[in-house]
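1. Please work out how this folds:
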Amino acid sequence: MKLIEAEAYRALSSKSRIDILKLLYRKSMPVEEIAEKLGLQPITIRHHLQSLVEAGFIEAFEERAGSVGRPKIFYKMVKEPPIVSFPKRRYMTLTNFMITTLQSILGTDRTTKVLRKVGFDMGENTIKRLESENAIKEWTLRTFEQLFIKDYLEEAGTEPEIVKTTDNKIVYRLYNCMFFELAVKMPEVMCDVLHESFHDGVASALGKGVKINRVTCMAKGDTYCEHSCEWQTK
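-> Have a look, this model is predicted:
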């Protein structure tokens, strides 16, 4: 095992370090703010941050609040954190190879059609599975918020955050993209086809004229992927 992989496994063995990563997915923070949010001493936070830096998950940078005084040190997630799995997995390599092979055999237009179908079916099946597991007879905005955003997306590792709710609309952000490396490489496929069609499938399975729109996209330079889900009122 390479040294960086050993450091990554060691870093992820601590719940406090996992909690720090969850915070830094959302925004850059100094030691003091992290310590306050987690209820730990700054010296303890510095120890955890050093481990995460050495493992390649985060990096430090300086930022000056004004024209005078010493700059403050902030910590943020690196753009491409190490992918850790055991045994070693090559799913990203396989996915990339399959997509490029489809494009070379079928052409761009037919490949897009196939992948749009794949994404739609994944979204639709996800909602149907949640319905079955939770005995849902009729979806509401609140059940969608709890079961899909807070439970499913959280379990999937997307680090969701609900930023606005009304009687018929919910806006939520995802701070981690499960396919970020591929999305950056081929956003027109991963984001504009698979991601969009997945949410089309989710909306279709929810019924009631639900509309889900993507507002921002991490793979295209935004800090997070933001979505707006609107429930049609009677």
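2. CA only for contacts and neighbour counts going forward, please
-> Will do.
3. gap between the longest helix seen in the chain and the chain center?
-> If you go by DSSP state H, the chain has its longest helix at helix 108-134. Per CA atoms, centre = their mean, to the nearest Å, the displacement of helix 108-134 from the mean C-alpha position of its chain is 18 Å.
4. Remind me what that helix packs against, helices and strands.
-> Helix 108-134 makes packing contacts with helix 91-106, helix 196-206 when contacts are defined by 3 or more CA pairs under 8 Å, 6 or more residues apart in numbering; DSSP states H and E.
5. now for the ones you listed, which one comes closest to Tyr224?
-> helix 196-206 (15.3 Å; CA to CA).
6. Go ahead and produce CSV holding the CA coordinates of the closest one.
-> Below are the C-alpha coordinates for helix 196-206, written out as CSV (Å, rounded to 0.1, in the frame of the first residue of the first chain):
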residue,chain,number,x,y,z
GLU,A,196,-30.4,15.8,-15.3
SER,A,197,-32.2,12.6,-16.5
PHE,A,198,-31.8,11.1,-13.0
HIS,A,199,-33.8,14.0,-11.5
ASP,A,200,-36.2,13.8,-14.4
GLY,A,201,-36.9,10.2,-13.4
VAL,A,202,-37.2,11.2,-9.7
ALA,A,203,-39.7,13.9,-10.6
SER,A,204,-41.7,11.6,-12.9
ALA,A,205,-42.0,9.0,-10.1
LEU,A,206,-43.1,11.5,-7.6
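7. Which residue ranges make up each domain of this structure?
-> Segmentation of the chain into domains, based on automatic domain parsing, reads 3-77, 110-230.
8. which residues sit against stretch 156-169?
-> With contact meaning CA atoms under 8 Å, 6 or more residues apart in numbering, stretch 156-169 is reached by 22, 25, 141, 149-150, 153-154, 170-178, 228-233.
9. Likewise for stretch 102-114?
-> By CA under 8 Å, 6+ apart, the list of residues contacting stretch 102-114 from outside reads Ile99, Val189, Val193.
10. about what we covered before: which stretch among the helices and strands packed on helix 108-134 is buried most, on average?
-> Stretch with highest mean neighbour count among the helices and strands packed on helix 108-134: helix 196-206 (a mean of 22; mean count of other CA atoms under 10 Å).
11. Quick one: mean pLDDT for that one?
-> Across helix 196-206, pLDDT averages out at 96.
12. got the angle for that helix vs helix 108-134?
-> An angle of 40 degrees separates the directions of helix 196-206 and helix 108-134 when computed by axes from the mean of the first three to the mean of the last three CA atoms, to 10 degrees.
13. Need the pLDDT of the residue positioned nearest the centre of the chain.
-> The central residue of the chain, meaning the one whose C-alpha is nearest the mean C-alpha position (CA atoms, centre = their mean), is Asn176 at 2.3 Å. Each residue has a pLDDT score; the one for Asn176 is 87.
14. Isn't it up against Glu226?
-> No: using CA atoms under 8 Å, Asn176 and Glu226 do not qualify as a contacting pair, with a distance of 11.1 Å.
15. Fine, thanks again, bye for now.
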